[in-house]
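Peer 1: mind folding the following:
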Amino acid sequence: MYRGLIITGTSGSGKSTVAEALCRIDRRFVHARAVTTRVRRDDDRGHYDHLSHEEFERLSNAGLLLIESEYRAHRYGVAHSVVDHLLSFGKIPLLTITPRSAAELAYGSLISPHERFMTVFLDAPDSDLDLRLGGRDKVALDHLASAQRAEDRRYRDVMSHQLVNTYLERTIESIRALWNSAV
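Peer 2: Sure, this is the predicted structure:
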């Protein structure tokens, strides 16, 4: 039995879009709101509480974060209380986090079997990723973006499942089928 679902993958693979659609289609899943130090984006969809670096550091130092990471010079985290709250209402916490954080949370040495999360790594062909990222904050698709993509993909094979997200509906149905077969 899994404690929740982690959706991770390359930048531009559709993690937030898939998470939002999955929660809308299947009300058992609820997106676990994360905290971040990065600036708001138009496509955030309310999935983050934006904090100052000092506020984030206070949460971290107090041990209130289930997972925390740095990605592209910004800090991200999910509080224990957010996941526990969703579980107390019989919901399935859905986390969208970096591949490195997903690997740490899903397979960390301190995780007991009843605290495991199902992990799904999303990817897409490079040409699709380039198109998707082209409109985001005027991201320059350069050597740094390519290096980050390669870094993200290093974690693909340690996730419990890998999906190519080219068709949203097919990806959603695949995730639901994976979850239903595991419970």
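
Peer 1: low pLDDT regions in this structure?
Peer 2: 43-45, 108-115, 135-144 (pLDDT under 70).

Peer 1: now do the strands in it.
Peer 2: For the chain, the strands defined by DSSP state E occupy 4-9, 29-31, 34-36, 48-50, 65-71, 74-79, 92-96, 117-123, 161-164.

Peer 1: given the first one, what are its sheet partners and their directions?
Peer 2: Same thing as strand 4-9. If you go by DSSP bridges, strand 4-9 pairs up with strand 92-96 (parallel), strand 117-123 (parallel).

Peer 1: which outside residues touch the longest one?
Peer 2: In other words, strand 117-123. 2-10, 13-15, 18, 95, 99, 102-103, 105-106, 153, 155-156, 159-165, 171, 175, 178-179, 182 (CB atoms under 8 Å, 6 or more residues apart in numbering). Where you see a C-beta, it was placed from the backbone N, CA and C, and this is true even at glycine.

Peer 1: filter those residues to the buried ones?
Peer 2: Among the contacts of strand 117-123, those classed as buried by 16 or more other CB atoms under 10 Å are 2-10, 13-15, 18, 95, 99, 102-103, 105-106, 155-156, 159-160, 163-165, 171, 175, 179.

Peer 1: which elements pack onto the longest helix seen in the chain?
Peer 2: In the chain, assigned by DSSP state H, the helix with the most residues is helix 168-182. Helix 168-182 is packed against strand 4-9, helix 15-25, strand 117-123, strand 161-164, with contacts defined by 3 or more CB pairs under 8 Å, 6 or more residues apart in numbering; DSSP states H and E.

Peer 1: of all those, which one comes closest to residue 83?
Peer 2: Evaluated over the helices and strands packed on helix 168-182, closeness to residue 83 peaks at strand 4-9, with 6.4 Å, by CB to CB.
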